[in-house]
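Asks: the sequence and its predicted three-dimensional model are supplied below.
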Amino acid sequence: MIPRIMAIDFGLKQIGVAVSDPLGITAQGVTVIKHKNNKTTLREISQLIVNLGVVQVVLGNPIRFGGGAGTLQETVENFGKKLSDATGVKVVMVDERLTTLQAEKMLVSADVSRGKRREVIDKIAAQLLLQGYLDSLPKRQPGPTD
């Protein structure tokens, strides 16, 4: 199985999940998990990590627009640590400012109904978070066997 990177857009009610394609070039939305409690959510995400061959998780860091810590930052950091401890997978915190706003704008411009937007916005936000992360990685140069 080809190693993949997962992104998580953490929310108190819903958690958006996206994963990289097998080549690590594009991000695809996977699911939205209804967050009931950390134990259940960690179990669901751990299962996705195993099933999808994830080797790294990008976790959205809720930084305020002014650059300071957001109200959920400590909660998200604790969740990331628990996820890393439970799975052994490296968790990287990445600035998530504007991802939900961008996702909302995309869905509105695509004329998606308000009810449907609520269902998928976190998945789209995770996809945007992951795509930004993938785009920031150094590009792999083709080798002699490629």
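Replies: Nice, I can see it.
Asks: and the pLDDT at residue 72?
Replies: Residue 72 carries a pLDDT value of 80.
Asks: now it: how far from residue 86?
Replies: 20 Å (CB to CB, to the nearest Å). Bear in mind the C-beta positions are built from the backbone N, C-alpha and C, glycine included.
Asks: in the helix or strand harbouring residue 84, what counts as buried?
Replies: For residue 84, the host element (DSSP states H and E) is helix 73-87. Neighbour-count burial for helix 73-87 flags 76-77, 79-80, 83, 87 (criterion: 16 or more other CB atoms under 10 Å).
Asks: just how off-centre is that helix within its chain?
Replies: Here the centre of helix 73-87 is set off from its chain's centre by 13 Å, with CA atoms, centre = their mean, to the nearest Å.
Asks: how about the strands in this structure?
Replies: 4-9, 14-20, 27-34, 54-61, 90-95 (DSSP state E).
Asks: contacting residues around residue 18?
Replies: 6-7, 9, 27-30, 123, 126-127, 129-130 (CB atoms under 8 Å, 6 or more residues apart in numbering).
Asks: any idea which of the residues you listed is least confident?
Replies: Among the contacts of residue 18, residue 123 carries the lowest pLDDT, at 87.
Asks: look up how far residue 21 lies from the nearest residue to that residue once chain neighbours are set aside.
Replies: The shortest distance from residue 123 to any non-neighbouring residue, by CB to CB, 6 or more residues apart in numbering, is to residue 29 (3.9 Å). Using CB to CB, residue 29 is found at 12 Å from residue 21.
Asks: before we move on, what about residue 130?
Replies: For residue 130, the distance to residue 21 equals 10 Å [CB to CB].
Asks: one more: residue 78?
Replies: 30 Å.
Asks: near the nearest residue to residue 92 once chain neighbours are set aside, how many residues? Count them for me, please.
Replies: Leaving aside its sequence neighbours, residue 92 sits nearest to residue 58 (CB to CB, 6+ apart; 5.4 Å). For residue 58, the neighbour count with other CB atoms under 10 Å is 26.
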